[in-house]
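> Fold the following for me, if possible:
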Amino acid sequence: MRGLLVLQSQRNQMTNTKTISMKPEIKYLHSPDIDDLEHYRPPVADEFSFLLQIVAGPQGQDGEESFDVIVCSPKSLGQTLGEDRILVGRHHLITNSYEYASLVSFISEQFEKCSGKDWNEVAIKLARIGQWEFEDYVPSAKQ
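Presented below is the predicted three-dimensional model:
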């Protein structure tokens, strides 16, 4: 019984230890294809595709990096595919209709779920949503 109490005490100490965790913060959203994301209305409501840059950084800190994603409708995606093509769906957000508030809410929820021990760990997780500008970065060898 005494050994069980010691193990329980050790487990309590481990779970009570505060882990410092970094969270991401969306600094702003930008599209080189659309001037005003909030008021944009696609010419054809169920047919749209555009690049969205989610600019984010560590919560409450300076610094920002881009996570690029294609926002598109199923109809637009179908036209991109054609008859016999295959498309990898990475870094795409697919939605039936463009609604800015819904898009922001979805992205915010995904970011809220993300944390890590440092920015690199957080950014690697966010890269599951959008292509991180440093995703394939390899430092050059010093000469």
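> Sketch out the low-pLDDT regions of this protein for me.
By pLDDT under 70, the low-scoring segments of the chain are 1-20, 84, 143.
> Regarding it, what is its longest strand?
For the chain, the longest strand by residue count, based on DSSP state E, is strand 49-58.
> Same question for it: list its buried residues.
Neighbour-count burial for strand 49-58 flags 49-54, 56-58 (criterion: 16 or more other Cβ atoms under 10 Å). C-beta here means a position set from N, CA and C on the backbone, and glycine is covered the same way.
> so how many other residues sit close to the spatially closest residue to residue 87 that is not a sequence neighbour?
Distance criterion Cβ to Cβ, 6 or more residues apart in numbering; nearest residue to residue 87, sequence neighbours excluded, is residue 81 at 5.5 Å. Neighbour count for residue 81, taken as other Cβ atoms under 10 Å: 11.
> Now do residue 81 against residue 74, distance only.
Applying Cβ to Cβ, to the nearest Å, the value for residue 81 to residue 74 is 10 Å.
> now stretch 58-76: how far from the chain's centre is it?
Taking Cα atoms, centre = their mean, to the nearest Å, one finds the center of stretch 58-76 at 6 Å from the center of the full chain.
> just stretch 109-124 next, same as before
9 Å.
> again with stretch 38-56
Its chain's C-alpha centre and that of stretch 38-56 lie 16 Å apart, by Cα atoms, centre = their mean.
> Now do the end-to-end distance for that stretch.
18 Å (Cα to Cα, to the nearest Å).
> any chance you could map the helices in this structure?
All helices of the chain, identified by DSSP state H, fall at 2-16, 74-81, 100-112, 119-126.
> Which secondary structure elements does the third one sit against?
Applying 3 or more Cβ pairs under 8 Å, 6 or more residues apart in numbering; DSSP states H and E, we find helix 100-112 packed against strand 24-30, strand 49-58, strand 92-94.
> buried set for that helix?
Buried positions in helix 100-112, judged by neighbour count with 16+ other Cβ under 10 Å: 103, 107, 110-111.
> quick one: which of these is nearest residue 39?
residue 103 (13.0 Å; Cβ to Cβ).
> mind listing what residue 31 touches?
Residue 31 is in contact with 37, 50-53, counting by Cβ atoms under 8 Å, 6 or more residues apart in numbering.
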